[in-house]
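# Below are the sequence and a predicted model; questions follow.
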Amino acid sequence: MAAVLGFDIGGTKIAGGIVDQTGAVLLQRTIPSRGREGRHALLEQLFSLGDQLLQGYTGSVDAIGVGTAGEVDPALGIVTSATDAIPQWAGTALRDAVQHRWSLPGFVDNDGNAAAIGEMLFGAGRHCQHFVYLCLGTGVGGAVVESGRLLRGKTNYAAAIGHMIIEIKGRHCSCGSRGCLEAYASGTAITQRAEEEAICRDSRELFRLADAGHAQASLLVAETAYYLGIGLANLVNLFDPQKILVGGGVAEVGPQLLNPTTQIMNRNVLPGLKNTVEVVQAQLGSEGGVIGAAALALLGLGIVTTS
Ligand SMILES: [Zn+2]
């Protein structure tokens, strides 16, 4: 049975794990990210986390997969852009760095793409050739799978779903624009809005309050579902998918958010597309990032296939 090392690199945490070819996580460890200290500190952290995992594992691994925040050129294995959460991360030759460290083949992609590949091989995207994946976390990431392949665009920026503008002159977004989906539906944005309205200081608490009948909290949850629903309606009209998979911390509330979102989506899509798309929670949960990164490596080695 083949096994690979997978890393999920974000601005707030780094997760690493050893995953076998069935998608089972054999070992996993998550640490706070030192991304704010720049490229060198982050690579050092990655190397030390990988060494610890390999030391704790008695078998051998065949390759390394990395999903990272920012945009990536997967053919070159280079990070092409990144947010301020990871200064100097853009320009990092990430594939060369991991290959050199462990003398194993390396495969690198954006974290949204990696998670979508993981769901396609081992999660809610199995047996599905056309789907959209969204991750509602610190930001809003995503990927579009069309005929079993990732939509990449000319410079690998395609499917930046979090920066789809859903409110003209709306809230400011981390990208510098206004009214992006991320500014309404990310965990960060929901928390910020709950704080501004003096409801609570945490998105989970907001959903709990809404569930308990708190009027203002319910209104904010309904508004979040509205914006997310409009975003999903745009995605359905653009890509005609079979399913939309929603992952990330915010999606863990499940039907409380996804049911009203699906209703808004169906109200706003083309008549021929109404009630044709299943909106489901991504299946791999908090391990999705690591499994997705491992999936890049398993796919890259040809150990698993998408068909
Ligand atoms: Zn934006």
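Yep, it's here. Numbering: from 1, shown residues only.

# Relative to T262, how far out is the nearest residue in space to N268 that is not next to it in sequence?
Nearest non-adjacent residue to N268, counting by CB to CB, 6 or more residues apart in numbering: A233, 3.7 Å away. Just so you know, the C-beta spots here come from the backbone N, C-alpha and C atoms, and that holds for glycine as well. Going from A233 to T262 by CB to CB, to the nearest Å gives 10 Å.

# before we move on, what about G247?
16 Å.

# Of those two, give the one with the bigger neighbour count.
Taking neighbours as other CB atoms under 10 Å, G247 and T262 compare with G247 leading, 31 against 22.

# if I read this right, the more buried one contacts F131, doesn't it?
No - using CB atoms under 8 Å, G247 makes no contact with F131, being 11.9 Å away.

# returning to that earlier point: ok, then the element right after whatever helix or strand the residue nearest to N268 lives in?
Following DSSP states H and E, one finds A233 within helix 215-239. Per DSSP H and E, the first helix or strand lying C-terminal to helix 215-239 is strand 243-247.

# Note down every partner strand of that next one and its orientation.
Strand 243-247 has the following strand partners under DSSP bridges: strand 131-136 (parallel), strand 278-281 (parallel).

# now for the next helix or strand after that strand, which elements pack on it?
Scanning forward in sequence from strand 243-247 by DSSP H and E, the next helix or strand is helix 255-268. Secondary-structure packing of helix 255-268 (3 or more CB pairs under 8 Å, 6 or more residues apart in numbering; DSSP states H and E): helix 203-211, helix 215-239, strand 278-281.

# Nearest to the ion among the ones you listed would be which one?
helix 215-239 (12.0 Å; CB to the ion).

# and the angle from the closest one to helix 203-211?
110 degrees (axes from the mean of the first three to the mean of the last three CA atoms, to 10 degrees).

# what about the residue nearest to N268, distance to G170?
A233 sits 16 Å away from G170, going by CB to CB.

# Could you report the neighbour count for the nearest residue to E287 once chain neighbours are set aside?
The shortest distance from E287 to any non-neighbouring residue, by CB to CB, 6+ apart, is to V25 (5.3 Å). Residues contacting V25 under the criterion other CB under 10 Å number 16.

# ok now do V25, which residues does it touch?
Counting by CB atoms under 8 Å, 6 or more residues apart in numbering, V25 makes contact with 17-19, 287, 290-291.

# Nearest to I161 among these?
I291 (20.3 Å; CB to CB).

# could the helices and strands packed on helix 255-268 be laid out in TSV, adding distance to the ion and mean neighbour count?
Listed next are those as TSV, based on distance: least, CB to the ion, whole Å; neighbours: other CB atoms under 10 Å:
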stretch	distance to the ion	mean neighbour count
helix 203-211	19	19
helix 215-239	12	19
strand 278-281	22	19
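
# related to what we said a few turns ago, what residues are up against the residue nearest to N268?
264-269 are the contacts of A233 under CB under 8 Å, 6+ apart.

# Show me which residues of this structure sit near the ion.
163, 173, 175, 177, 180 (CB under 5 Å from the ion).

# residues in contact with the residue nearest to the last one when sequence neighbours are not counted?
Nearest residue to C180 in three dimensions, chain neighbours excluded: C173, at 3.9 Å (CB to CB, 6+ apart). Listed by CB under 8 Å, 6+ apart, the contact partners of C173 are 163, 179-180, 182-183.

# Quickly find the element holding T58.
Going by DSSP H and E, T58 is not in any helix or strand.

# who's in contact with it?
So T58 contacts nothing (CB under 8 Å, 6+ apart).

# If we use 10 Å, what do you get?
L26 (CB atoms under 10 Å, 6 or more residues apart in numbering).
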